[in-house]
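Novice: Make a model of this:
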Amino acid sequence: MLKTEQLAHYLKQYKQLQFHRSPKLKLLTWQVAQWQKQRMQNVHGNLFQNTSYQELADFFQSELYNFDALDELAGQLALMLKQKVKLDRWLPNEILESLVETMQLALLTIKLDQQLAIHLIRQERELNDENLIAISIEIDQKANRLHQLKLFQSVSHQLSRHAQSLLLRTSLKLAKSKLKQRGFAPMYNYLDYGFHIMRSNRHAKDFFQKYAQQEQCFLDYLVNAEATDLNVYYDAQSQQICRKNIDASAQHS
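Specialist: Now for the predicted structure:
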């Protein structure tokens, strides 16, 4: 199957998501995503609040875990189908493979967060730490979240590897004028930015590997510790999720 056909397949799945037919569900899904990003910043503070990783953390949350970016990419794919464009003619297979896996990752991510939003609505619960943790455990997302992490590792590895290839970077630049001429500037910018970030940051491989390992620890913690709140953090020394110390004065207030 051509990579263009694979992208069309994922676009079809994206259009079939329930939130397209429910403004309430769409808003709540977006809010769940924001909760997830804030949760990551708090739990993985050693990564997201580390100045050495700042550009990578921003890239992760603005491109790899951003539903607005997915919406824009979906619009680009819809335009591709409308114009009957075969991106395989313009872009190397390796770059298209990265685009396909990025779309697959984004689609799975939004499906999982939409699932949480659906259960919040069905159970008439507010969006807060306690309810989202309880629902995550109740519907048992762990296996799908682990698959999400594997896709994430694959995407980040591909972007990092391709970004170091002068041949692929040159191929992307050569396609720039044709892509922009046909209305695919956002898609080009998305790819170009990803390559730039991965090539210019010597800590890229380290950041993404640590994130995947730490997030898996968090998923294990949710299930095994019967968690009810997010007063936790990843401790790099013990390589475990630990409870935060609560100030004694706060406990008695």
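
Novice: Asp113 is in what secondary structure piece?
Specialist: helix 93-122 (DSSP states H and E).

Novice: got any ranges where the stretch 1-150 of the chain has weak pLDDT?
Specialist: 1 (pLDDT under 70).

Novice: Strands along that one, start to end?
Specialist: Remark: strands of the stretch 1-150 of the chain are absent; assignment by DSSP state E, counting those that start in this stretch.

Novice: Show me what the helix or strand Pro186 falls within packs onto, helices and strands only.
Specialist: In the assignment (DSSP H and E), Pro186 maps to helix 185-200. On a contact count with 3 or more Cβ pairs under 8 Å, 6 or more residues apart in numbering; DSSP states H and E, helix 185-200 meets helix 54-59, helix 67-82, helix 93-122, helix 142-163, helix 166-181. Glycine gets a C-beta too; all of them are placed from N, C-alpha and C.

Novice: Could you rerun that using 7 Å?
Specialist: helix 54-59, helix 67-82, helix 142-163, helix 166-181 (3 or more Cβ pairs under 7 Å, 6 or more residues apart in numbering; DSSP states H and E).

Novice: Now Lys37: closest residue in space that isn't a chain neighbour?
Specialist: The shortest distance from Lys37 to any non-neighbouring residue, by Cβ to Cβ, 6 or more residues apart in numbering, is to Gln61 (5.3 Å).

Novice: try Asp192
Specialist: Leu172 (6.5 Å).

Novice: Hmm, Tyr193 and the one you found touching each other?
Specialist: No - applying Cβ atoms under 7 Å as the test, Leu172 and Tyr193 come out as separate, 11.2 Å apart.

Novice: Looking at these two, which is more packed in?
Specialist: The neighbour comparison of Leu172 against Tyr193 (other Cβ atoms under 10 Å) goes to Leu172, with 20 against 13.

Novice: and the gap between that one and Gln31?
Specialist: Leu172 is 35 Å from Gln31, where distance means Cβ to Cβ, to the nearest Å.

Novice: Check which residues of stretch 228-239 are buried.
Specialist: Within stretch 228-239, the residues scored as buried using 16 or more other Cβ atoms under 10 Å are 230, 232-234.

Novice: Pull that stretch out as PDB, backbone CA atoms only.
Specialist: Output of stretch 228-239 as PDB, limited to C-alpha atoms (Å, rounded to 0.1, in the frame of the first residue of the first chain):
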ATOM      1  CA  THR A 228      -6.500   8.500  43.800                       C
ATOM      2  CA  ASP A 229      -4.500  11.700  43.200                       C
ATOM      3  CA  LEU A 230      -1.500  13.100  41.400                       C
ATOM      4  CA  ASN A 231       0.500  14.200  44.400                       C
ATOM      5  CA  VAL A 232       3.400  12.200  42.900                       C
ATOM      6  CA  TYR A 233       6.600  12.600  40.900                       C
ATOM      7  CA  TYR A 234       9.100  10.500  39.100                       C
ATOM      8  CA  ASP A 235      12.300  10.100  41.100                       C
ATOM      9  CA  ALA A 236      15.300   9.700  38.800                       C
ATOM     10  CA  GLN A 237      17.500   8.200  41.500                       C
ATOM     11  CA  SER A 238      15.200   5.400  42.500                       C
ATOM     12  CA  GLN A 239      13.600   5.200  39.100                       C
END
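
Novice: which residues touch the closest residue to Leu25 other than its chain neighbours?
Specialist: Using Cβ to Cβ, 6+ apart and skipping the chain neighbours, the partner closest in space to Leu25 is Phe19 (4.4 Å). With contact set as Cβ atoms under 7 Å, 6 or more residues apart in numbering, Phe19 has these partners: 25-26, 29, 114.

Novice: Which pair of the residues you listed spans the longest distance?
Specialist: The widest separation within the contacts of Phe19, taken as Cβ to Cβ, falls between Lys26 and Gln114 and amounts to 8.7 Å.
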